[in-house]
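Chemist: Sharing a model prediction with you, sequence too.
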Amino acid sequence: MIDATISGKSIQEVNRRLDRFQAAMEDTTQPNRQASIAMYGWLIRNYDREGALIGGWAPLHPKTVAEKKELGKERMLVRSGALRQSYVPFYTKENAGVGSELIYSKPHQEGNPARNLPARPMLPSREVVLDIGIRVYGDYVRRQVKVANA
């Protein structure tokens, strides 16, 4: 019979490594920072591609197209650049995200039927956010396991 056991100094070493891993996992600021930056990158790619990452945005109203042409602007949701620039990543130990405080970001994101404004989502969907979180936290856990085992 062949077996493996953990006892004595081996148990102490396992506990030491588990303590290091637990300490690293208590402060999730670093992976939340990475997740917020990944969400921001997704948002900028989606914005620059006029919603291509979510299937494309609804076309502009012909009146809006004419107004933008007079201003020498062609891209959707770009007049001054303020909306795109208003999106910033944020994170704490408890959460991560990306958002805008501009008053007109929400109507563009969600749409406003009363003003005949279709939704043109810029933010990643819940599914995309979860995928980013799983990837970032998976990488973080793998790194912390290596650190704990060093």
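Modeler: Structure's in. What do you need?
Chemist: hey, let's count contacts and neighbours off CA atoms from now on
Modeler: OK.
Chemist: In this structure, what residue spans correspond to strands?
Modeler: 88-91, 96-99 (DSSP state E).
Chemist: Can I get the ones you listed in JSON lines including mean neighbour count, mean pLDDT and distance to L77?
Modeler: What follows is these, written out as JSON lines (neighbours: other CA atoms under 10 Å; pLDDT from 0 to 100; distance: least, CA to CA, whole Å):
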{"stretch": "strand 88-91", "mean neighbour count": "18", "mean pLDDT": "98", "distance to L77": "17"}
{"stretch": "strand 96-99", "mean neighbour count": "20", "mean pLDDT": "97", "distance to L77": "16"}
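Chemist: between those, which gets nearest to A119?
Modeler: With CA to CA as the criterion, A119 lies closest to strand 96-99 of these, at 16.1 Å.
Chemist: Direction included, what does the closest one pair against?
Modeler: Paired strands of strand 96-99, with direction, are strand 88-91 (antiparallel) (DSSP bridges).
Chemist: what residues does the partner strand touch?
Modeler: By CA atoms under 8 Å, 6 or more residues apart in numbering, the list of residues contacting strand 88-91 from outside reads T29, N32, R33, S36, I37, M39, Y40, A96, G97, V98, G99, S100.
Chemist: rerun that using 10 Å as the cut-off
Modeler: Contacting residues not belonging to strand 88-91 are listed as 28-41, 43, 96-101 [CA atoms under 10 Å, 6 or more residues apart in numbering].
Chemist: Quick one: neighbours of the residue lying closest to L77 once chain neighbours are set aside, just the number.
Modeler: Distances taken as CA to CA, 6 or more residues apart in numbering place L83 nearest to L77, at 7.6 Å, with adjacent residues excluded. Counted with other CA atoms under 10 Å, the neighbours of L83 add up to 17.
Chemist: what's the distance between L83 and Y137?
Modeler: For L83, the distance to Y137 (CA to CA, to the nearest Å) stands at 30 Å.
Chemist: just A119 next, same as before
Modeler: Shown here: A119 relative to Y137, a distance of 31 Å by CA to CA.
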